[in-house]
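# predicted model, plus sequence, below.
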Amino acid sequence: MRLQMYVDGQWVDSITNEKREIINPFNQEVIATVAEGNEEDAKRAVAVARRTFDEGSWAATPANERGEIVHKIGMLIRESREELAELETLDTGKTLSESLDDMDDIANVFIYFAGLADKEGGEMIDSPLPDSTSKVVREPVGVCGQITPWNYPLLQAAWKLAPALAAGNTLVMKPSEITPLTTVKVFELFEQAGVPTGVANLVLGPGHNVGAHLSESTDVDLISFTGGIDTGKKIMQSASTNVKKLALELGGKNPNIVFADADFETAVDQALNAVFFHAGQVCSAGARLLVESSIHDKFVDAVVERAKNIKLGDGFAEDTQSGPLISAEHRDKVEKYVAIGQEEGAQLVLGGQRPEEAQLQQGFFYQPTIFTNCTEDMRIVQEEVFGPVLTIETFDSEEDAIRKANNTIYGLAGATFTEDIGKAERVAGQLRMGTVWINDFHPYFAQAPWGGYKQSGIGRELGRPGLEEYTETKHVFRNINPEPLHWFK
Ligand SMILES: NC(=O)c1ccc[n+]([C@@H]2O[C@H](COP(=O)([O-])OP(=O)(O)OC[C@H]3O[C@@H](n4cnc5c(N)ncnc54)[C@H](O)[C@@H]3O)[C@@H](O)[C@H]2O)c1
Ligand SMILES: C[N+](C)(C)CC=O
């Protein structure tokens, strides 16, 4: 496997020839050494993407032909599913079964956007002016800068790459510097699928120079970013250099509301899945559990009892239920938040420390952790921890639950569990979030839009809106009987 950048149809090292070692978070072994770019590499790639877009041949390629290439990428990903999943598990520590599911979702995303590529033929408008036609067409935006995080490296990249290509843009992708492997591999598949030279470019390296250049460059027309809120704010500022189009997929502090009339076993099971899946390193993790007071004690006991048995381990081992955190630095952050929770008076009822098993000592593991007696004002309840840490609050009425659930700066996702479907729909209607699950947690798929209200982001990925993000809308008005106006005598 090549571990270089891909620019103008060539696999290249960084201009300075710098390298970065990629670490397996399960055992800290070096799994790869990759090219490490900087601002100059980003400049080089942006120049190629700009030139290629301005030449115009990709945007002018019939949409069904672009769709065929994007479809082929999806099929190649299906064929490489195992290899890609193994790389993702090595890079992130997540279990192999999670990685395999991710690869299936990723292939579906390419195939979905391939299918949409030629479905947008524009729209005729009923012009209010006589002797005229009026049509609305969608065109590619231009050069797209795309920046992705480490928790779902290839999945988050796919949500950007597939629609950008289908819509006829050129692009420069920058994956997280700590998890680049599957993105590099997919660029090899782009070559095989016949993506033309210069259309899709890959630059590896850190955010402060490569990412910053993509968001600042006046040659980039759109910046699409998935990552943390603080980085998102910086990117928003940098994007103002040329008033770039901006898509931001940021963090969340997602409430999971369990009413007393919920199916108990399902709600307990999903409460665990909501927060402990992928060690809580999920933007939409249900890290804030709101339980109706009348079932609080019984519900907490059941959740704690099951959480005790979560098996941490090697993502490649069949019995592992959760892998490590991504890095030592990230584990430090989680530990800091657990200390804050304790200082704030939340009651630690499970975890709150690193596991003691000898076989986990080389990895960045942290025990599933649960706090009860939490209140809305606590930082541990308000801020994104992005680890296996659950806070539990109570509520006494539907209104109380909705108010508490909405009381964060975020608005990414939330869920409610109840057997009263009227109540479920009322709650779903009142939650200020981009996704609401009823009696479930976590489903997402290519056909449905994904994105956040409030400070969880701007714009949508997936679904038709996910393609529209990569288009400009143009109105073409035609006078079919042109005559002088004589407005100026
Ligand atoms: N809303 C969603 O769909 C979604 C999905 C996945 C992850 N996330 C969020 O991502 C965060 C975790 O990911 P992370 O720790 O990699 O986030 P991060 O913000 O630290 O980094 C994300 C990407 O931004 C780059 N970057 C860093 N500084 C930059 C800068 N100044 N300019 C440009 N780029 C820069 C990084 O190199 C990386 O590629 C969490 O907050 C999580 O909620 C959101
Ligand atoms: C968007 N999602 C849920 C796939 C990953 C969030 O971190």
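Right, received. Where do you want to start? Ligands and ions are numbered 1, 2, ... in the order given.

# near ligand 1, which residues of the stretch 51-200 of the chain?
147-152, 156, 174, 176-177 (Cβ under 6 Å from any ligand atom). All C-beta spots, glycine's among them, are computed from the backbone N, C-alpha and C.

# and of the residues you listed, the nearest to residue 299?
residue 151 (27.8 Å; Cβ to Cβ).

# residues near the closest one, how many?
If you count neighbours by other Cβ atoms under 10 Å, residue 151 ends up with 23.

# that one and residue 278 touch, don't they?
Yes. Judged on Cβ atoms under 8 Å, residue 151 makes contact with residue 278 at a distance of 6.8 Å.

# who wins for most neighbours among the residues of the stretch 51-200 of the chain next to ligand 1?
Comparing these by number of neighbours (other Cβ under 10 Å), residue 174 comes first, having 30 neighbours.

# now it, which residues is it bridged with?
residue 147 (DSSP bridges).

# just checking, it touches residue 144?
No. Using Cβ under 8 Å, residue 174 is not in contact with residue 144; the gap is 11.3 Å.

# centroid residue for the chain?
Geometric centre of the chain, nearest residue: residue 156, 4.4 Å, by Cα atoms, centre = their mean.

# list the contacts for that one?
Residues in contact with residue 156 (Cβ atoms under 8 Å, 6 or more residues apart in numbering) are 148-149, 226, 249.

# so it sits in a strand?
No. Counting by DSSP: H, G, I helix; E, B strand; the rest coil, residue 156 is not found in a strand; it is helix.

# who does the longest helix along the chain touch, helix- and strand-wise?
Secondary structure of the chain per DSSP state H: the longest helix is helix 96-116. Judged by 3 or more Cβ pairs under 8 Å, 6 or more residues apart in numbering; DSSP states H and E, the packing partners of helix 96-116 are helix 63-79, helix 81-92, helix 153-166, helix 463-468.

# returning to what we had before: quick check: the residue nearest to the centre of the chain vs residue 456, distance?
14 Å (Cβ to Cβ, to the nearest Å).

# ditto for residue 327
23 Å.

# now residue 49
28 Å.

# if we can go back for a sec, residue 327 and residue 456: which is more packed in?
residue 456 (29 against 16).

# my read: the more buried one touches residue 414, true?
No. The pair residue 456 / residue 414 is not scored as a contact, 10.8 Å apart, by Cβ under 8 Å.

# stretch 156-175: how far from the chain's middle?
The chain centroid and the centroid of stretch 156-175 are separated by 13 Å under Cα atoms, centre = their mean, to the nearest Å.

# domain map for this protein?
2-250, 255-438 (automatic domain parsing).

# how about the first one and ligand 2, any contact?
Yes. Contact check for domain 2-250 against ligand 2, using Cβ under 6 Å from any ligand atom: residues in range are 151-152, 155.

# could I get the pLDDT score of the residue nearest to the centre of the chain?
pLDDT for residue 156: 98.

# can you give me the distance of it to residue 418?
As judged by Cβ to Cβ, residue 156 and residue 418 stand 32 Å apart.

# enumerate every residue touching residue 442.
With Cβ under 8 Å, 6+ apart, residue 442 has these contacts: 273-274, 277, 282, 284.

# try it again with 10 Å
Each residue near residue 442 by Cβ atoms under 10 Å, 6 or more residues apart in numbering is listed here: 254, 270, 273-274, 277-278, 282, 284-286, 413, 415, 435.

# and for residue 262?
Applying Cβ under 10 Å, 6+ apart, the residues contacting residue 262 are 268, 270-271, 291-292, 295, 299, 416-420, 424, 439.

# next: residue 411.
250, 252-254, 431-435, 451-457.

# surely residue 319 touches residue 97?
No. Applying Cβ atoms under 10 Å, one finds residue 319 not in contact with residue 97, separated by 11.1 Å.

# returning to what we had before: overlap in contacts, residue 174 and residue 144.
Joint contacts of residue 174 and residue 144 (Cβ under 10 Å, 6+ apart) are residue 214.

# what number of residues lie near the closest residue to ligand 2 within the chain?
In the chain, the residue that lies nearest ligand 2 is residue 283 (3.3 Å; Cβ to the nearest ligand atom). Close neighbours of residue 283, defined as other Cβ under 10 Å, add up to 25.

# per-residue pLDDT, residue 471?
As predicted, residue 471 sits at a pLDDT of 98.

# hang on, it packs against residue 144?
No. Between residue 471 and residue 144 there is no contact under Cβ under 10 Å: 11.1 Å.

# more crowded one of those two?
Neighbour count, other Cβ under 10 Å: between residue 471 and residue 144, residue 144 has more, with 31 against 20.

# averaged pLDDT, the strand or helix carrying that one. What do you get?
In this structure, residue 144 is located in strand 143-147 according to DSSP states H and E. Per-residue pLDDT over strand 143-147 has a mean of 99.

# could you find the closest non-adjacent residue to residue 33?
Distance criterion Cβ to Cβ, 6 or more residues apart in numbering; nearest residue to residue 33, sequence neighbours excluded, is residue 19 at 5.0 Å.

# burial measure for the one you found, as a count.
15.

# how far away is it from residue 360?
Residue 19 is 29 Å from residue 360, by Cβ to Cβ.
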